[in-house]
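> Can you look at this prediction? I've put the sequence above it.
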Amino acid sequence: MELLQVADAVAREKNIEKEHVLEAMEEAIKKAGRSKYGHEHDIRARIDRKTGDIHLMRYLEVVETVEDEATQVSVAQAKRKRPDAKVGDFLIDPLPPIDFGRIAAQTAKQVIVQKVREAERDRQYDEYKDRMGDIVNGLVKRVEYGNVTVDLGRAEAVLRRDECLPREHFKNGDRVRAYIYDVRREPRGPQIFLSRTHPAFMAGLFKQEVPEIYDGIIEIKAVARDPGSRAKIAVISNDSAIDPVGACVGMRGSRVQAVVGELQGEKIDIIPWNRDAATFVVNALAPAEVAKVVLDEETKRIEVVVPDDQLSLAIGRRGQNVRLASMLTGWDIDIMTEQEESDRRTEEFKTRSQMFIEALDVDDVIAHLLVAEGFSSVEEIAYVDTEELTSIDAFDEDVAEELRERARNFLEEQNSRLENRRKELGVTDEVAAIEALTAPMLVKLGEKGVKTLDDFADLAGDELIEILGKDSMSEDEANELIMAARAHWFADEESGADA
């Protein structure tokens, strides 16, 4: 009974199943028995779960042909002891109890400690693997090189230095609140990793402080943080009667201040989330005022125009405001002042007008009219419907047809010139046959020494974009073209293997 009491005490202390402790004891007794009677024997131990009695036994398997006399017995010999014995049965010989010597007792203790530790680790992993994403409280147990070991009560966790807030220092005994972002099973036991810089930590703190978030009335759509300095959080209310920003701020700022206090004074901008990307970006750039936005949905870029006196506010110190707004919205944000936008538009207007004057051989009045109507390339004029051109003031059908004719002639001459240049540079027809590559692109490739299909296939995606220009295509499109160009390599390998 004393053995069962010890197992019970260990199970309670380590918070594991009593059965695991008893199995560890049985393993230890078995190991001691094999040390005494010989490691070659199949010796097993069993502890009676009711009385605590120890039973030590030697097992012999009944076989047709004996290969190992220490663990096997023939059918004929087995039948002498047990007439009904057959192949596959085991003869069990009871052994006298072991008087544990000093070495045997030490070995048994090591086995029990090891088994109990493994059971404890399994319990910790099973308990915490489903708690990823939770916020936990613990006590600082030790600090080594800035890495903090936190006692969670039923397990230990690690708060690494790079997951702590800047200028945040802990000492033994400090209480700490953190976010479980990973739980991994490792050889030395389950590792629980904590973070105080993770965006989800802030979201979890708001969930604890704002009942409407906990109840699902207000939803946190996005969080962006510059840990310890500033953060932005986007919220939306599922109930039109509740203001999401006001609810998160709380009476006299009580709710948001509780979160700010936990995050060592990190300033928090609470932003109303909006389905419309432009409105959301404008909200995210608060407290700066925005005059105008221009979206490019294909590249997920957005140009934001702000009054001259709002530029520094929109960008923020060291670009912090625009960087956080970009992280929050998922859009690349380019900020310019109204004056910069005006200068750029004037320059674009002059450049496009001059291009139309030279390409179409028209005067500056017609060129200005075309640019003002939104035409930006000769191709647009060459293939546009006549009705679109005749809708411009002072353009009749004859003028429209003449402009289209001149645009097509210009493009034909340009393509012919570029085609000759492509051949001069030695760019092969195989490369020219790639549909996505235009005549100007082929010339650029030739000038950089990319002349054959193999040359093209040898490129990396970023190299191709660098040659053709960053606005020529996306990196995915570039990689797709290169992989298509490499197809003949694999075809050659297959034909070689068949031969």
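Arrived safely, thanks for sending.
> residue contacts, the closest residue to Glu401 other than its chain neighbours?
In space, Glu401 comes closest to Thr386 once its chain neighbours are excluded; the distance is 6.6 Å by Cβ to Cβ, 6 or more residues apart in numbering. Glycine gets a C-beta too; all of them are placed from N, C-alpha and C. Thr386 sits next to 397, 400-401, 404 when contact means Cβ atoms under 8 Å, 6 or more residues apart in numbering.
> export the residues you listed to CSV and tack on distance to Ala284, neighbour count and pLDDT?
Below are the contacts of Thr386 laid out as CSV (distance: Cβ to Cβ, whole Å; neighbours: other Cβ atoms under 10 Å; pLDDT from 0 to 100):
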residue, distance to Ala284, neighbour count, pLDDT
Glu397, 49, 11, 79
Ala400, 44, 20, 78
Glu401, 49, 13, 82
Arg404, 44, 18, 82
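> how about these, which pair is most distant?
Glu397 and Arg404 (10.6 Å; Cβ to Cβ).
> Please enumerate the strands of the stretch 1-150 of the chain.
Using DSSP state E, counting those that start in this stretch, the strands of the stretch 1-150 of the chain run over 42-47, 54-63, 72-74, 90-95, 135-144, 147-151.
> how much does the fifth one deviate in direction from strand 147-151?
Just to be clear, that refers to strand 135-144. Computed by axes from the mean of the first three to the mean of the last three Cα atoms, to 10 degrees, the angle separating strand 135-144 from strand 147-151 equals 130 degrees.
> just the fourth one next, same as before
In terms of direction (the same axes, to 10 degrees), strand 90-95 departs from strand 147-151 by 80 degrees.
> So what touches strand 90-95?
So strand 90-95 is contacted by 33, 37, 43, 55-62, 73, 78, 81-82, 85 (Cβ under 8 Å, 6+ apart).
> quick one: low-confidence ranges for the stretch 151-300 of the chain?
The model of the stretch 151-300 of the chain has pLDDT under 70 over residues 187-190.
> 80 instead, please
By pLDDT under 80, the low-scoring segments of the stretch 151-300 of the chain are 154-155, 185-190, 298-299.
> closest one to Leu295 among the strands of the stretch 1-150 of the chain?
Of the strands of the stretch 1-150 of the chain, nearest to Leu295 by Cβ to Cβ is strand 135-144, at 36.5 Å.
> what are the pairing partners of that closest one, and which direction each?
Here strand 135-144 has these sheet partners by DSSP bridges: strand 147-151 (antiparallel), strand 175-186 (antiparallel).
> Just want the most central residue of the protein.
Tyr181 (11.9 Å; Cα atoms, centre = their mean).
> That one and Tyr128, how far apart?
In this structure, Tyr181 and Tyr128 are 12 Å apart, going by Cβ to Cβ, to the nearest Å.
> what's the answer for Gly204, then?
If you go by Cβ to Cβ, the gap between Gly204 and Tyr128 works out to 16 Å.
> With Leu442 instead?
59 Å.
> which one of these two has more residues nearby?
Leu442 (24 against 20; other Cβ atoms under 10 Å).
> Let me know whether the more buried one touches Val427 as I believe.
Yes. Between Leu442 and Val427 there is a contact under Cβ atoms under 8 Å: 5.3 Å.
> Give the residue farthest from the middle of this structure.
The chain, Cα atoms, centre = their mean, max distance from centroid: Arg80 (68.4 Å).
> Spatially, which residue comes closest to Pro199, not counting chain neighbours?
Val223 is the one closest to Pro199 (Cβ to Cβ, 6+ apart), at 3.9 Å.
> dump the residue contacts of that neighbour.
199-200, 202-203, 231-234, 328.
> and it, what helix or strand is that in?
Per DSSP states H and E, Val223 falls inside strand 218-226.
> ok now that strand, how far from the chain's centre?
16 Å (Cα atoms, centre = their mean, to the nearest Å).
> next one: stretch 75-89
Worked out by Cα atoms, centre = their mean, stretch 75-89 lies 63 Å from the chain centre.
> Kindly report the same for stretch 31-38.
Centre to centre, stretch against its chain (Cα atoms, centre = their mean), the figure for stretch 31-38 is 52 Å.
> If you count neighbours, what's buried in that stretch?
31-36 (16 or more other Cβ atoms under 10 Å).
> tell me which of the residues you listed is nearest to Lys141?
Nearest to Lys141 among the buried residues of stretch 31-38 is Lys31, at 33.2 Å by Cβ to Cβ.
> follow-up on the earlier one: just the buried members of the contacts of strand 90-95?
33, 43, 56-58, 60-62, 73, 78, 85.
> circling back: narrow the contacts of Val223 to those in helices?
Counting by DSSP state H, the part of the contacts of Val223 found in helices is 199-200, 202-203, 328.
> Out of those residues, give me the two with the largest separation.
Top of the distance list for these (Cβ to Cβ): Ala200 and Leu328, 14.1 Å.
> More neighbours: which of these two?
More crowded of Ala200 and Leu328, by other Cβ under 10 Å: Leu328, with 26 against 18.
> what sits against the closest residue to that one other than its chain neighbours?
Spatial nearest neighbour of Leu328, excluding adjacent residues (Cβ to Cβ, 6+ apart): Ala224 at 4.1 Å. By Cβ under 8 Å, 6+ apart, Ala224 lies in contact with 199, 231-233, 324-325, 327-328.
> Out of those, grab the one that's most surrounded.
Most surrounded of the contacts of Ala224: other Cβ under 10 Å gives Ala325, at 28 neighbours.
> What's the separation between that residue and Arg344?
If you go by Cβ to Cβ, the gap between Ala325 and Arg344 works out to 22 Å.
> Would you state the helices of the stretch 1-150 of the chain in chain order?
Assigned by DSSP state H, counting those that start in this stretch, the helices in the stretch 1-150 of the chain fall at 2-14, 18-37, 75-81, 102-128.
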